[in-house]
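Visitor: predicted model follows, preceded by the sequence.
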Amino acid sequence: MDNIDKKYLIKKALEAKKKAYVPYSKFRVGAAILTENGDIYTGCNIEIASYSPTICAERTAIFKAISEGHRNIKAIAIVGDSNFTYPCGVCRQVIREFGKDALIIVANSEDEYREYTLDELLPYSFGPEDLN
Ligand SMILES: O=c1ccn([C@H]2C[C@H](O)[C@@H](CO)O2)c(=O)[nH]1
Ligand SMILES: [Zn+2]
């Protein structure tokens, strides 16, 4: 994980957070993911008036990458309006699908961040191999 530019990924997540569409919660989240070939995809949370179609920043970023042909997430940086905004359970499961070995960076700023493995955030997980 030493070849990952964590600060740059956090910077991209902070930029994406500014694009959040959050008229209901007013809670902004941004995410940036690094793919296996070094591409970066960003995402913000997007809220919908009927609430349930709302999507988290993490899944916006991941689905952008998947829909461009990527299948493997190397790292994800997440920034939100709370002190260290952690990914929700649904997003943890989505990271499980495409980034079992991903580095998960939960950040307040480029200089203040925590690092996790998916196994730490989603232990004893269910995943694609279980269906084989
Ligand atoms: O890790 C998180 C946690 C929450 N949200 C969004 C969903 C909703 O728009 C708002 C409040 O839950 O924050 C994210 O995007 N990612
Ligand atoms: Zn989520």
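Guide: Yep, it's here. Ligands and ions are numbered 1, 2, ... in the order given.
Visitor: pLDDT below threshold where in the chain?
Guide: Scanning the chain with the threshold set as pLDDT under 70 gives 1-2.
Visitor: how about the helices in it?
Guide: For the chain, the helices defined by DSSP state H cover 6-17, 57-67, 89-98, 118-121.
Visitor: what parts of this structure come near ligand 2?
Guide: Counting by CB under 5 Å from the ion, the chain comes close to ligand 2 at 56, 88, 90-91. Just so you know, the C-beta spots here come from the backbone N, C-alpha and C atoms, and that holds for glycine as well.
Visitor: make a ChimeraX selection of the buried ones in the residues you listed.
Guide: Of the residues of the chain next to ligand 2, the buried ones go into a single ChimeraX selection, burial set by 16 or more other CB atoms under 10 Å:
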select :56,91
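Visitor: farthest pair in the residues of the chain next to ligand 2?
Guide: Cys56 and Val90 (7.2 Å; CB to CB).
Visitor: relative to Gly89, how far out is the residue sitting nearest the centre point of the chain?
Guide: What sits nearest the mean C-alpha location of the chain, by CA atoms, centre = their mean, is Glu58, with 3.3 Å. As for Glu58, its distance to Gly89 is 11 Å (criterion: CB to CB, to the nearest Å).
Visitor: interface residues of the protein facing ligand 1?
Guide: Contact residues, the chain versus ligand 1 (CB under 6 Å from any ligand atom): 22, 25, 27, 29, 45, 47, 54, 56-58, 80, 85, 87-88.
Visitor: switch the cut-off to 8 Å
Guide: 20, 22, 24-25, 27-29, 31, 44-47, 54-60, 78, 80, 85-88, 91 (CB under 8 Å from any ligand atom).
Visitor: so which of these are in strands?
Guide: Residues of the residues of the chain next to ligand 1 located in strands (DSSP state E): 29, 31, 44, 78, 80.
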